[in-house]
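> Below are the sequence and a predicted model for it; my questions follow.
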Amino acid sequence: MSRVCQLTGKKVMVGNNVSHSKTRTKRKFYPNLFTRKFYNEVTGEWVTLKVSASAIRNINKNGLDACIKEAKLKGYM
């Protein structure tokens, strides 16, 4: 499975390491991902998702069903 959040679509970004002498080399910025199980109250099943920390906060705030519906509209799921 790739390093992409299933709800927000966050993925690896590319940037530069900048040394003291200002030499630039490529590096990667990884999203803060976690594999978590969430209970879906509508279907009564446990759902395993690979989500970022911000997506976990969104689920706590808005609920799992609302977040999944929004992710499907944006095309992340």
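Received, thanks.
> neighbouring contacts of stretch 4-19?
Identification of contacts with stretch 4-19 by CB atoms under 8 Å, 6 or more residues apart in numbering yields 2-3, 24-31, 33, 49-52, 54-55, 58-59, 67-68, 70-71, 74, 76-77. C-beta coordinates here come from the backbone N, C-alpha and C atoms, glycine included.
> What of stretch 35-44?
45-51, 56, 59, 64-65.
> Can you tell me which of the residues you listed has the most neighbours?
Highest neighbour count within those: Val51, with 25 neighbours (other CB atoms under 10 Å).
> so it touches Leu64, yeah?
No - look at Val51 against Leu64 with CB atoms under 8 Å: they stay out of range, at 10.3 Å.
> still on that earlier bit, and the contacts of stretch 4-19, which of them are buried?
In terms of neighbour count (16 or more other CB atoms under 10 Å), the buried residues within the contacts of stretch 4-19 are 31, 33, 49-52, 55, 58-59, 67-68, 71, 76.
> Widest-spaced pair of those residues?
The most widely separated members of these, counting by CB to CB, are Pro31 and Ile68 (18.5 Å).
> Enumerate the strands of this protein by residue range, in sequence order.
13-18, 24-29, 33-40, 45-52 (DSSP state E).
> relative orientation of the helix or strand bottoming out on mean pLDDT in the chain and strand 45-52 in degrees?
One helix or strand of the chain scores below all others by mean pLDDT, DSSP states H and E: helix 64-74, with a mean of 93. Here helix 64-74 runs at an angle of 60 degrees relative to strand 45-52 (axes from the mean of the first three to the mean of the last three CA atoms, to 10 degrees).
> Poorly predicted segments of the chain, please.
1 (pLDDT under 70).
> okay, the strands of the chain in JSON lines with distance to Leu7 next?
Shown next, in JSON lines, are these (distance: least, CB to CB, whole Å):
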{"stretch": "strand 13-18", "distance to Leu7": "18"}
{"stretch": "strand 24-29", "distance to Leu7": "19"}
{"stretch": "strand 33-40", "distance to Leu7": "10"}
{"stretch": "strand 45-52", "distance to Leu7": "5"}
